[in-house]
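[1] Predicted model and sequence below, questions to follow.
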Amino acid sequence: MTLPIAQYPQLLKSKAECLRKLLMPFDPPNLAVFASPTEHFRMRAEFRIWHEGNDLYHIMFDQTTRQRIRIDHFPQASLLINQMMAILIPLLKINSILRQSLFQIDYLSSLSGQIIVSLLYHKPLDEAWQTEAKQLRAKLQSQGFAVQLIGRAAKQKICLDQDYIDEKLCIAGRQLIYRQVENSFTQPNAQINQQMLGWALDCTKDSENDLLELYCGNGNFSIALAQNFRKVLATEVAKPSVKAAQFNIQANHIKNLQIIRMSAEDFTQAINGVRTFNRLRTFNLHDYQCDTILVDPPRAGLDPDTLALLQNYARILYISCNPHTLCNNLQTLCQTHRIARVALFDQFPYTDHMETGVWLIKTA
């Protein structure tokens, strides 16, 4: 598999022009464009495994034709993932226990040199599998890989050691630690993530009061932005992400950040007094003077109640993975706010995907 690297500048230019046209009705300022590395930019990758006689190999399916494509080298993925792919497959080929019923391999790597390999099976994993898996891990570690090996089957997950790695990102000259949990959401393009966090840090640099973040994940934004605010209150519904965020708070010595395990929809009901929640009994929401809110919602965008909630805040930082639902939400938000800054973060080069950052200031 090869990438059209020579075409990347034009592809990015076209993507930026498309975003400008989508945002034109909202009178945005000049678009800041953050380019990705042209190869080895993805920190995670998932491949199906194809068995053919004594051979097995990674495959992907063409999204249009559904034909399978053999993948021996994947230039989109990090160098570490590619190195692991090349070493792992020959070791699996010669091991009948580890290769039997194996149908998928997931990789999660980091800039800090750590990697998780998850082997997914159509069979239950027994003691024989664990014995062979431990030997495989030892072989990989002897070749210099800082690797965690995980086995998955129906209703079964076996971690030989741990199910996370600790990433290190450099944000505006400061190194931050982020625990990333297997099978949980993490930003796929670490280099772009560093640029995105730096941009968000610059947007909020003159803040004085508190920040509320919805959909905080493992604290990706909250950890980086805490230095710009008196206090930060963040919400996330997924337990593994909340646990990782709590670790990240401690690891980065953040003293002014609190995480609540709640969905954005439930928190909106709580702050509007529609419902009460036991998990908020130790929190006094009135202690927070949040005049800035940050949202990084799923592709569907914001629900109507949360969208209405945003209009109460003086400043909104909206990170979007879907420019179309973003524009739908901006039709409401721009009734009370103006776009002060906007950016395109090219998380997925060579695709139509557009990650957008919008900084809105209240006008009414």
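    Thanks, I have the structure now. Residues are numbered from 1 along each chain as shown.

[2] Quick one: the helices in this protein, in order.
    Secondary structure of the chain (DSSP state H): helices at 8-23, 79-93, 96-99, 127-142, 190-203, 220-225, 239-251, 264-271, 304-310, 323-333.

[3] Could you identify which of the ones you listed is most buried?
    For the helices of the chain, the stretch with the most neighbours on average is helix 220-225, a mean of 26; neighbours defined as mean count of other CB atoms under 10 Å. Bear in mind the C-beta positions are built from the backbone N, C-alpha and C, glycine included.

[4] I'd like to know which elements that helix is packed against.
    With contacts defined as 3 or more CB pairs under 8 Å, 6 or more residues apart in numbering; DSSP states H and E, the packing partners of helix 220-225 are strand 174-181, helix 190-203, strand 210-214, strand 232-236, helix 239-251, strand 257-261, strand 290-295.

[5] can you list the ones you listed in a markdown table and add mean pLDDT and distance to P4?
    Formatted as a markdown table, the helices and strands packed on helix 220-225 follow (pLDDT from 0 to 100; distance: least, CB to CB, whole Å):
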| stretch | mean pLDDT | distance to P4 |
| --- | --- | --- |
| strand 174-181 | 96 | 30 |
| helix 190-203 | 97 | 19 |
| strand 210-214 | 95 | 37 |
| strand 232-236 | 93 | 37 |
| helix 239-251 | 94 | 35 |
| strand 257-261 | 92 | 41 |
| strand 290-295 | 96 | 34 |
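
[6] P297 against T235, yeah?
    No. With contact defined as CB atoms under 8 Å, P297 does not reach T235; the gap is 11.8 Å.

[7] ok, back up a step: would you mind giving the helices of the chain as a markdown table with distance to T38 added?
    Converted to a markdown table, the helices of the chain look like this (distance: least, CB to CB, whole Å):
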| stretch | distance to T38 |
| --- | --- |
| helix 8-23 | 5 |
| helix 79-93 | 13 |
| helix 96-99 | 34 |
| helix 127-142 | 28 |
| helix 190-203 | 11 |
| helix 220-225 | 24 |
| helix 239-251 | 30 |
| helix 264-271 | 35 |
| helix 304-310 | 36 |
| helix 323-333 | 22 |
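
[8] Out of those helices, which gets the lowest mean score?
    In terms of average pLDDT, helix 264-271 trails the rest of these, at a mean of 81.

[9] Give the other helices and strands that that helix contacts.
    So helix 264-271, by 3+ CB pairs under 8 Å, 6+ apart, packs with helix 304-310.

[10] show me the contacts for Q175.
    Residues near Q175 by CB atoms under 8 Å, 6 or more residues apart in numbering: 168-169.

[11] Can you give me the distance of it to S112?
    Q175 sits 10 Å away from S112, going by CB to CB, to the nearest Å.

[12] Common neighbours of those two, please.
    With CB under 8 Å, 6+ apart applied, the overlap between the contact sets of Q175 and S112 consists of K168.

[13] burial of R338, as a residue count?
    16 (other CB atoms under 10 Å).

[14] beta partners of it?
    I361 (DSSP bridges).

[15] So it is in contact with W359, correct?
    No. The pair R338 and W359 fails to qualify as a contact (CB under 8 Å) at a distance of 9.9 Å.

[16] returning to that earlier point: overlap of the contact sets of P297 and T235?
    When contacts are counted by CB under 8 Å, 6+ apart, the set common to P297 and T235 consists of 214-215, 264.

[17] pLDDT at T282, what is it?
    The confidence metric pLDDT takes the value 77 at T282.

[18] do the same with the one 4 residues further on
    Per-residue confidence for H286 comes out at a pLDDT of 77.

[19] From T332, how far out is it?
    26 Å.

[20] next one: W199
    Here W199 is placed at a distance of 24 Å from T332 (CB to CB).

[21] now do I319
    Distance of I319 to T332, computed by CB to CB: 17 Å.

[22] swap in M354?
    For M354, the distance to T332 (CB to CB) stands at 20 Å.

[23] A172 now?
    Relative to T332, A172 is positioned 32 Å away (CB to CB).

[24] And T282, by the same measure?
    Taken as CB to CB, the spacing of T282 relative to T332 amounts to 33 Å.

[25] P188 and P349 touch, don't they?
    No. Using CB under 8 Å, P188 is not in contact with P349; the gap is 11.3 Å.

[26] who has more neighbours, the two?
    P349 (23 against 19).

[27] Determine the number of other residues adjacent to the closest residue to the more buried one other than its chain neighbours.
    In space, and not counting its chain neighbours, P349 is closest to S36: 4.7 Å by CB to CB, 6 or more residues apart in numbering. Residue crowding around S36 was assessed by other CB under 10 Å; the count is 20.

[28] In contact with S36, which residues are there?
    Contacts for S36 were tallied using CB under 8 Å, 6+ apart; they are 189, 191-192, 346-349.

[29] same deal with L136?
    By CB under 8 Å, 6+ apart, the contact list for L136 reads 91-92, 95, 98, 149.

[30] quick one on the thing from earlier: looking at the helices and strands packed on helix 220-225, spot the one closest to K15.
    helix 190-203 (13.1 Å; CB to CB).
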